[in-house]
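Visitor: below: sequence and its predicted model.
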Amino acid sequence: MAALGGKLTKKLVENLGPGRHGDGAGLYLVVDPSGARRWIVRVTVKGQKNRNGAPLRTDFGLGGADIVTLNQARERALEYRRMAKTGLNPRFNAQREIPTFEEISRQVHIDRLPTWKNEKHGQQWVNTLRDYAFPKIGRMPIDSIGQPEVLMCLAPIWTVKPETAKRLAQRIKIVLDVAKSKGFRSGENPVTAVRDARVLPTVKAKPQHHDAMPWQDVPAFFAELDERSATAAKALQFTILTASRTSEVLDMTWPEVDFDARLWTVPASRMKGGKAHRVPLTDEMLAILEPLKALASDYVFEGQKRHKPLSNMSMLMLLRRMGRDGFTVHGFRSSFRDWASEAANAPRELAEAALAHQVGSDVERAYARSDLLERRATLMSTWNKFVSETDN
């Protein structure tokens, strides 16, 4: 077998960036984006095949690098390779340490990164566990977590932050399910048991309302924005005109814009509903976009750093500087929705389509496949003229 030596050094183990770094002979240091470091070893078990008939190659966790030193990791990896070489599967023959809840959670986070819409969503997933679960059960062995430990995490926020608590419960359940699939747990998932037993009180989540500017006041505010040359002001104007979400506007890139067709297509990967959304471009919208092309930036609304978008707080901070502390950027979508109903008498399905909301049951949506683009173009043109005319 290979001697206890390799490519890594103690200094590298402490300083290498995110990714999988090989030491040699199947030993790897895995560094998570959060900075957490852990060891894994990849072995091929002699004489054993996987489901496809290929040699059985398996990864095994050897513990966190803050606990297991480089030499210890090499020794454990050597032990695993010896067993595999003689035909013994380390999963059943090694005296392995049970990983902690946090270790499994961070591995699940890494494994699922490709499935999230963007990096922000993936970070939110693990941050919920970091804030509400890791302080209480993060260092516990994954096989020792039962209903009392789950309740320890959920009970303090169950009634005060019901939506967060539900997300937390779902994420804890996923981590425990993954641990069971890897052979670290057995029996029923305690999150399921807590839910089925209705141990926690039933809480009705209150709909979240974003403070919206009355639609009658939007034209005067829009005129104030017109006097400002900052990119944040132009982005906010465009957000109001399109009734779009903040992230949809700030992450907007030039390939999404078709000036000839007067169309902005937001890809499904950037939409909350996971479905591409076409936004008809009016004269007022194009008047904002055209001058920005000269900047030749990757993003339409470039921030302080070259080829980077504006901060997601830029428009909100602008509102505050202009003395509109009581309103939010998202609230302008409600302003538009109220105007569409009260002033334009727009049909519900048309107004909701303009906001990229899904309306009706799955069956209804299956039959209503049109995005009503032409009718929305007329509605948005009317909204834009209302907003931009100073004599309203």
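Guide: Arrived safely, thanks for sending.

Visitor: pLDDT score for the residue positioned nearest the centre of the chain?
Guide: For the chain, the residue lying nearest the average C-alpha position, counting by CA atoms, centre = their mean, turns out to be residue 121 (0.6 Å). Among the per-residue scores, residue 121 shows a pLDDT of 70.

Visitor: element containing it, please.
Guide: Secondary structure assigned from DSSP states H and E places residue 121 in helix 119-132.

Visitor: which elements pack onto that helix?
Guide: With contacts defined as 3 or more CB pairs under 8 Å, 6 or more residues apart in numbering; DSSP states H and E, the secondary structure elements packing on helix 119-132 are helix 101-112, helix 162-181. Yep, even glycine has a C-beta here, placed from its N, CA and C like the rest.

Visitor: just name the most buried of those.
Guide: A comparison of those by mean neighbour count, using mean count of other CB atoms under 10 Å, puts helix 101-112 on top with a mean of 21.

Visitor: quick one: low-confidence parts of this protein?
Guide: Counting by pLDDT under 70, the ranges of the chain that qualify are 1-5, 91-97, 116-120, 205-210, 359-370, 390-392.

Visitor: returning to what we had before: between the helices and strands packed on helix 119-132, which one is nearest to residue 144?
Guide: With CB to CB as the measure, helix 101-112 is the member of the helices and strands packed on helix 119-132 nearest residue 144 (8.9 Å).

Visitor: can you give me the helices for the stretch 201-350 of the chain?
Guide: Secondary structure of the stretch 201-350 of the chain by DSSP state H, counting those that start in this stretch: the helices cover 218-226, 231-242, 246-250, 283-292, 314-321, 331-342, 348-354.

Visitor: how about a markdown table for these, with distance to residue 157 and mean neighbour count added?
Guide: Shown next, in a markdown table, are these (distance: least, CB to CB, whole Å; neighbours: other CB atoms under 10 Å):
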| stretch | distance to residue 157 | mean neighbour count |
| --- | --- | --- |
| helix 218-226 | 36 | 17 |
| helix 231-242 | 32 | 23 |
| helix 246-250 | 26 | 20 |
| helix 283-292 | 42 | 15 |
| helix 314-321 | 25 | 17 |
| helix 331-342 | 26 | 20 |
| helix 348-354 | 32 | 19 |
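
Visitor: how about those helices, which one is nearest residue 133?
Guide: Ranking the helices of the stretch 201-350 of the chain by distance to residue 133, with CB to CB as the measure, places helix 246-250 first at 26.6 Å.

Visitor: can I get the helices of the stretch 201-350 of the chain in JSON lines with distance to residue 23?
Guide: Written out in JSON lines, the entries for those read as follows (distance: least, CB to CB, whole Å):
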{"stretch": "helix 218-226", "distance to residue 23": "57"}
{"stretch": "helix 231-242", "distance to residue 23": "47"}
{"stretch": "helix 246-250", "distance to residue 23": "40"}
{"stretch": "helix 283-292", "distance to residue 23": "49"}
{"stretch": "helix 314-321", "distance to residue 23": "44"}
{"stretch": "helix 331-342", "distance to residue 23": "52"}
{"stretch": "helix 348-354", "distance to residue 23": "55"}
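
Visitor: quick check: which of the ones you listed is nearest to residue 190?
Guide: By CB to CB (comparing all of these), the closest turns out to be helix 246-250, at 35.3 Å.

Visitor: tell me what the closest one is packed against?
Guide: Contact analysis of helix 246-250 by 3+ CB pairs under 8 Å, 6+ apart lists helix 231-242 as its packing neighbours.

Visitor: ok, residues contacting the helix it packs on?
Guide: 218, 222, 225-226, 244, 246, 249-250, 264, 279, 282, 284-285, 288-289, 292, 301-303, 310, 314-315, 317-319, 329, 332, 335-336, 380, 383-384, 387-388 (CB atoms under 8 Å, 6 or more residues apart in numbering).

Visitor: do stretch 144-152 as well
Guide: For stretch 144-152, contacts defined as CB under 8 Å, 6+ apart pick out 98, 101, 136-137, 140, 169, 172, 176, 190-191, 193-194, 199-200.

Visitor: now do stretch 59-75
Guide: Contacts for stretch 59-75 (CB under 8 Å, 6+ apart): 4-6, 8-10, 13, 23, 27, 29, 36-43, 76-77, 80, 90-91, 94, 96-97, 99-100, 103, 107.

Visitor: my guess is residue 29 meets residue 39, correct?
Guide: Yes: the pair residue 29 and residue 39 qualifies as a contact (CB atoms under 8 Å) at a distance of 6.3 Å.

Visitor: could you give the number of residues near residue 63?
Guide: The local packing of residue 63 (other CB atoms under 10 Å) involves 19 other residues.

Visitor: please name whichever of the helices of the stretch 201-350 of the chain is nearest to residue 257.
Guide: Closest of these to residue 257 is helix 283-292, at 6.6 Å (criterion: CB to CB).

Visitor: packing partners for the closest one?
Guide: helix 231-242, helix 373-388.

Visitor: dump the residue contacts of the nearest residue to residue 176 once chain neighbours are set aside.
Guide: Once flanking residues are discounted, residue 176 sits nearest to residue 189: 5.2 Å by CB to CB, 6 or more residues apart in numbering. The neighbours of residue 189, taking CB under 8 Å, 6+ apart as the test, are 173, 176-177, 180.
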